[in-house]
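J.: the sequence and its predicted three-dimensional model are supplied below.
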Amino acid sequence: MKPPAAGRTRLSFAASCHLLLLPSVLLLLLFIYLPVMWAFLKSLYEFEVGSKARFVGLANYLEYLVIDPPTWPSVLNMALLTLVGVGVRLTFPLIVAKLIHSLPFERTRYLYRLAFLIPIVVPGVAIQLLWSRMIYADYGLINEVLRTCGLGAWTHSWLNDPRTALTALMFFGFPFAGGFEVLIYYAGLSAIPESVNEAAALEGCTGVGKFLRIDVPLVLSQLKLIFVLTVIGGLQGFEGIFVLTQGGPGFRTMVPGLWMYYNAFAFQRMGYACAIGVLLFVVILGLTLLNLRYFRSAEEMQGGTS
């Protein structure tokens, strides 16, 4: 049985911790949870900013899912872009991180990490404009290389051609070795115990075999994190598409997040935009819960086999 003084000290410490957390919780409620609840409520209304709201029930959801022409093409575009994003972010940065981690000298590894860190601090809009004006433009890098190689007939207005606009968005960021993902994977590889590497070397498991059989299973926690962040970003993101194509030509690169933005701030249909946001929230939450349920991390695998 614990002494009364020890119990009071523990309760006092817990109360102090709760008191310190209280401002953060209040700010979270004020700026995160209340707006989300407001969006859920206003999705049942038809209204413009500054005008009186009119209750329409589930009509906004019905219109988006059944009536609105851009809905399903935009959902398909979102799915394709998200699948491509997941594929490249779970592979290319991991390979680059492994190559850096395999370098023999710590100073060299540090310089490479620094080189991949610097682009993170560059504003994303600047990079998007760079691709739009210097790489995909009519006289951008791709078309000039094609002309130099005598393939002038292959040149395109890549972001304005309906046949190539979505594909051009998929290749945005090539070679896909984002600094954030590289550093996350590098941290996971660095956390692998040296005894594991030594045991693999004694067993003759080296090179690609070691990477696939030992390294990848031991960085599943990092893979899980990048997977969740990429799916969330792919489903709700639209900033890059807004800068590069504005959803065009036509609706060939439209995604639900951008259609929500247009309805809210261009068409002033705030209730309809809230309904789209609520649907995206439900889909993202469902996929995240499925991932947490079925995508096991390295720690969970080790715990299950111990």
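T.: That came through, no problem.
J.: which parts of the chain are strands?
T.: Taking DSSP state E as the test, the strands found in the chain are 45-46, 54-55.
J.: wait, doesn't Ser132 sit right on Leu159?
T.: Yes - using Cβ atoms under 8 Å, Ser132 is in contact with Leu159, at 6.7 Å. (Glycine included, C-beta is placed from N, CA and C.)
J.: with neighbour numbers in mind, choose between these two.
T.: Leu159 (23 against 19; other Cβ atoms under 10 Å).
J.: could I get the pLDDT score of that one?
T.: What the model reports for Leu159 is a pLDDT of 89.
J.: quick check: phi and psi on it?
T.: Main-chain torsions, Leu159, degrees, to the nearest 10: phi -90, psi -10.
J.: likewise Phe267?
T.: Residue torsions, per degrees, to the nearest 10, at Phe267 are phi -100, psi -10.
J.: which residues in the stretch 101-250 of the chain form helices?
T.: 106-117, 124-130, 141-148, 165-170, 179-190, 194-202, 207-210, 216-218, 220-236, 239-244 (DSSP state H, counting those that start in this stretch).
J.: quick revisit: quickly compare the strands of the chain and say which is most buried.
T.: strand 45-46 (a mean of 18; mean count of other Cβ atoms under 10 Å).
J.: and it, what other elements does it pack with?
T.: The elements that strand 45-46 packs onto, with contact taken as 3 or more Cβ pairs under 8 Å, 6 or more residues apart in numbering; DSSP states H and E, are strand 54-55, helix 270-294.
J.: list the strands paired with the shortest one, with their directions.
T.: Its sheet considered, strand 54-55 pairs with strand 45-46 (antiparallel) by DSSP bridges.
J.: neighbouring contacts of the partner strand?
T.: With contacts defined as Cβ atoms under 8 Å, 6 or more residues apart in numbering, strand 45-46 is touched by Ala53, Arg54, Phe55, Val56, Ala59, Asn60, Arg269, Gly271, Tyr272.
J.: so, low pLDDT: which residues of this structure?
T.: 1-8, 295-306 (pLDDT under 70).
J.: Leu279 is nearest to which of the helices of the stretch 101-250 of the chain?
T.: helix 220-236 (10.3 Å; Cβ to Cβ).
J.: so Asp138 versus Thr155, what's the distance?
T.: 8 Å (Cβ to Cβ, to the nearest Å).
J.: those two: which is more packed in?
T.: When neighbours are counted by other Cβ under 10 Å, Thr155 comes out ahead of the other of Asp138 and Thr155, with 16 against 11.
J.: separation between that one and Phe174?
T.: From Thr155 to Phe174 the distance is 18 Å (Cβ to Cβ).
J.: please apply the same query to Ala165.
T.: Counting by Cβ to Cβ - Ala165 and Phe174 are separated by 16 Å.
J.: go on, Asn197?
T.: On the measure of Cβ to Cβ, Asn197 and Phe174 end up 32 Å apart.
J.: out of the two, which sits in the busier spot?
T.: Asn197 (15 against 11).
J.: residues in contact with the more buried one?
T.: Lys210.
J.: if I look at it, how far off is Leu103?
T.: For Asn197 relative to Leu103 (Cβ to Cβ), the value is 15 Å.
J.: how many residues are close by Trp154?
T.: Other residues close to Trp154 by other Cβ under 10 Å number 11.
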